[in-house]
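> Sequence and computational prediction follow.
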Amino acid sequence: MKKPLQSTPLRVEISDIDLNPGPFCMSFNFSLEQLKSSIERFGVLNAPYVIKGSDSRYTVVAGYRRLLAIRELGWPEVLCHVLPGNFPPLEALLLNLHDNIIHRKMNEIEKAMVLERLNRYVKQEALMKEFMPMLGIPANKQNLDILLQVPELEEQLRISIATQRISLRVAGLMMTLNSHDRLKINELFTVLKLSFNQQWEVIQWIVEIASREGRPPKEILEDDALTEIVHDSTMSNPIKSKTIVKMLRRRRFPSLVKAENAFKKGVSKLALPKGVKIIPPPFFENRNYRLEIGFSQGKDLQEKVEGLSRLPGLEQITDFWKGTD
């Protein structure tokens, strides 16, 4: 049976506690207002845990937010649990982890901070088997590799991840870029509020356009037309997003977009019956077209099929997009 946690209750002066984010900290992008109100009304319900260092200053193990709130409230001292000076760092991390997951929901950056700190003491197999499930993260090597790098990203990017403006998957792709390009893309995503799938596509398109044109991604992002749309006060964010996504797609796949437009123009001349669609092959890489017919009754289907059989111009469908390269 494991021995109970040994600590000494002691009133510690706030000025003697190092309140910079320390080696056991796992808090990021938070507000203290609600916590301050609680402490003002009820006091500190759970005393923080600290360790006294060789310089006589205390390092926070658990209760970092509580101590920041206490300092802002102007309290000169607070009751703490002082752990032994030889308390193992891994145990200190686990103490704070359990203190956090019991009392609150952690954001993605805080989860990354946990794994990055544990990675110094625990094998990655154990991180995936034990700690990623504990944190509610799908346990695989790809996710772990991204999470271990996330704490080193720029603060603006970490805030976007913590507030779910960008996903971890998207952040992983952004890690392949330099700092300036990452920040420019993050700025674009913050303004446009693209979906995660749109973000994934847009980053790939920007990188591929830059590579094909022999230019850095930042020049693609600073394109006059794109910048004009971003700063157009007459356009709503959804319209801006749709316009920029279309612009980048057209620039990334010029031949495909031309083929799609030619196909739509050609099909529009056929006067297809209502509820009938002709669907082109993906990327126009072959001639395997599909016909989609919506109908409510068998008679309705029969009428549409008979109407299609008499429709002129169907034999020209595969020629609509020719010569668009």
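Right, received. Where do you want to start?
> Just the local confidence number for residue 285, please.
We have a pLDDT of 70 for residue 285.
> before we move on, what about the one 3 residues further on?
Reported pLDDT at residue 288 in the predicted model: 79.
> Excluding chain neighbours, what is closest to it?
Sequence neighbours aside, residue 281 is the residue nearest to residue 288 in space, at 4.8 Å (criterion: C-beta to C-beta, 6 or more residues apart in numbering). In this view, the C-beta of every residue, glycine as well, is placed from N, C-alpha and C.
> Next: residue 192.
Distance criterion C-beta to C-beta, 6+ apart; nearest residue to residue 192, sequence neighbours excluded, is residue 241 at 4.6 Å.
> How much space separates the closest residue to residue 269 other than its chain neighbours from residue 201?
Spatial nearest neighbour of residue 269, excluding adjacent residues (C-beta to C-beta, 6+ apart): residue 313 at 6.7 Å. From residue 313 across to residue 201, the span is 34 Å (C-beta to C-beta, to the nearest Å).
> Hmm, the residue nearest to residue 192 is touching residue 191, no?
No. Using C-beta atoms under 8 Å, residue 241 is not in contact with residue 191; the gap is 9.2 Å.
> quick one: which of the two has more around it?
Legend: neighbour count by other C-beta atoms under 10 Å for residue 241 and residue 191, higher for residue 241 (21 against 14).
> give the contact list for the more buried one.
192, 193, 194, 198 (C-beta atoms under 8 Å, 6 or more residues apart in numbering).
> Quick check: of those residues, which lies closest to residue 235?
Among these, residue 192 lies closest to residue 235 (C-beta to C-beta), at 10.6 Å.
> Pull the number of nearby residues for that closest one.
21.
> Helix or strand for residue 148, just tell me which one.
Taking DSSP states H and E as the definition, residue 148 sits inside helix 141-149.
> what's the following helix or strand after the helix or strand bottoming out on mean pLDDT in the chain?
Least confident helix or strand of the chain, by mean pLDDT, DSSP states H and E, is helix 254-268 with a mean of 77. Downstream of helix 254-268, the first helix or strand assigned by DSSP H and E is strand 276-279.
> ok, that following strand: who's next to it in the sheet?
strand 290-293 (antiparallel) (DSSP bridges).
> Please work out which residues outside the partner strand touch it.
Counting by C-beta under 8 Å, 6+ apart, 275, 276, 277, 278, 279, 301, 304, 305, 308 sit against strand 290-293.
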